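Asks: Kindly generate the corresponding structure for this input.
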Amino acid sequence: MEKKKLLANYLSKSVSELVGNRKEVPISFSGGVDSFITAALTKKYSVPILYTIGNENSKDLIYSKIAAESLGCQLEVINLSDNDIVNGIEKTIEIIGKRNSLDVLIGSTFYLIAKRIQENNFNVCLSGQGADELFFGYDKYRRALVKGEDPIQLRNKDVAELKEILVRREYKIFESFGIKFLSPFLDKEVKKIGMDLEIEVNLRDKNDDLRKHVLREIAADLGAPPEIVNRKKKALQYGSGILEDIRRISKKKGLASSLNAYLESI
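Replies: The predicted structure follows:
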């Protein structure tokens, strides 16, 4: 497909510009297709170092090990100890506030990633952020089809609101450590191609549990093993295991086993 080739070329060009002349580049890595593409393209221009956060049972850690091995890249694992989680949540609230519990939850994982990256003396972090919005990665787009709603309209709304989310969350957190948070999927040309692609290229029908098919094909072309290419989307709070850990910590404190109960307690 010509558009797939064009997309891959613009992603590579964007990564080249973001990497610049850096000899090593840290990547926020989940073991999914988005971060795999980012790492594989970074490898053309620099040495990627993959930063994965999770507990010992987390899916992100399992898949990140598979992906790192296939890429031949160093994997830095950030283990989720209870103390780190509690500290990460409290520091994240100091940085971004507490108006949105989901922002605090996701933000705390990025806080711990940013902290480790700063400790390793880097001032940038690449990621696959923006791919799920552009290429119908979230299951809510499939569910919109099931309900007879327009997933394109929903996707366009998410893309339009993405910058505001990044400004109030990721950018603010990484900037507090003196780190620039970057993604090739936020590139203007990449965004244009993504928005122009026919929906069926990424979301085939109401039973499509994978989605993002054009990115899965690009990842396969870049050498991703089948386990990565066919991995279903898992939100960061689930893939890392942090939500499960917070529920456990909350219960241990004698509270309801929920994120909101724990956040209210602090």
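Asks: Check which helices and strands the lowest-mean-pLDDT helix or strand in the chain sits against.
Replies: Across the helices and strands of the chain, mean confidence by mean pLDDT, DSSP states H and E is lowest for helix 236-239: a mean of 80. With contacts defined as 3 or more C-beta pairs under 8 Å, 6 or more residues apart in numbering; DSSP states H and E, the packing partners of helix 236-239 are helix 59-71, helix 101-119, helix 242-252. For glycine as for every other residue, the C-beta is placed from the backbone atoms N, C-alpha and C.
Asks: Out of these, which gets nearest to L7?
Replies: helix 59-71 (20.1 Å; C-beta to C-beta).
Asks: Which strand or helix spans the spatially closest residue to I266 that is not a sequence neighbour?
Replies: Excluding the flanking residues, the one nearest I266 by C-beta to C-beta, 6 or more residues apart in numbering is E90, at 6.7 Å. Using DSSP states H and E, E90 falls within helix 82-96.
Asks: quick one: buried residues of that helix?
Replies: Buried residues in helix 82-96, defined by neighbour count with 16 or more other C-beta atoms under 10 Å: D84, I85, V86, G88, I89, K91, T92, I93, I95, I96.
Asks: got a list of contacts for the helix or strand containing K192?
Replies: In this assignment (DSSP H and E), K192 forms part of helix 188-196. Here helix 188-196 makes contact (C-beta atoms under 8 Å, 6 or more residues apart in numbering) with 3, 6-7, 10-11, 13-14, 130, 134-135, 156, 159, 184-185.
Asks: can we see that at 6 Å?
Replies: L7, Y10, L11, S14, L134, F135 (C-beta atoms under 6 Å, 6 or more residues apart in numbering).
Asks: And for stretch 163-180?
Replies: I95, I96, D103, G107, F110, Y111, A114, Q118, N123, V124, C125, F181.
Asks: ok, of those, which one's closest to S28?
Replies: Nearest member of the contacts of stretch 163-180 to S28, counting by C-beta to C-beta, is C125, at 5.7 Å.
Asks: Quick one: residues contacting that closest one.
Replies: Contacts of C125 (C-beta under 6 Å, 6+ apart): P26, S28, I117, I179, F181.
Asks: Identify the residue nearest the second one in space, chain neighbours excluded?
Replies: Translated: S28. Going by C-beta to C-beta, 6+ apart, S28 has S127 as its nearest residue, at 4.2 Å.
Asks: Let me have the helices and strands packed on helix 236-239 in TSV, extended by mean neighbour count and mean pLDDT.
Replies: TSV is the format used below for the helices and strands packed on helix 236-239 (neighbours: other C-beta atoms under 10 Å; pLDDT from 0 to 100):
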stretch	mean neighbour count	mean pLDDT
helix 59-71	21	96
helix 101-119	22	96
helix 242-252	18	88
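Asks: for those helices, which one sits closest to I53?
Replies: Taking the helices and strands packed on helix 236-239 one by one with C-beta to C-beta, helix 101-119 is closest: 5.3 Å.
Asks: That closest one: what's the following helix or strand?
Replies: strand 124-126.
Asks: What's the mean pLDDT across that following strand?
Replies: The average pLDDT within strand 124-126 is 98.
Asks: immediately after it, which helix or strand?
Replies: Taking DSSP H and E, what comes next after strand 124-126 is helix 131-134.
Asks: Now do the strands in the stretch 151-266 of the chain.
Replies: Secondary structure of the stretch 151-266 of the chain (DSSP state E, counting those that start in this stretch): strands located at 180-182.
Asks: low pLDDT regions in the protein?
Replies: Residues of the chain meeting the criterion pLDDT under 70: 1.
Asks: just to revisit the earlier point, out of the contacts of helix 188-196, which one sits closest to G32?
Replies: Among the contacts of helix 188-196, and counting by C-beta to C-beta, the member closest to G32 is F135, at 11.9 Å.
Asks: Go ahead and confirm that closest one touches L215.
Replies: Yes. At 5.5 Å, F135 counts as touching L215 under the criterion of C-beta atoms under 6 Å.
Asks: For those two, work out which one has more neighbours and name it.
Replies: More crowded of F135 and L215, by other C-beta atoms under 10 Å: L215, with 30 against 25.
Asks: Hmm, that one is touching G137, no?
Replies: No. Contact criterion C-beta under 6 Å: L215 and G137 do not qualify, at 8.0 Å.
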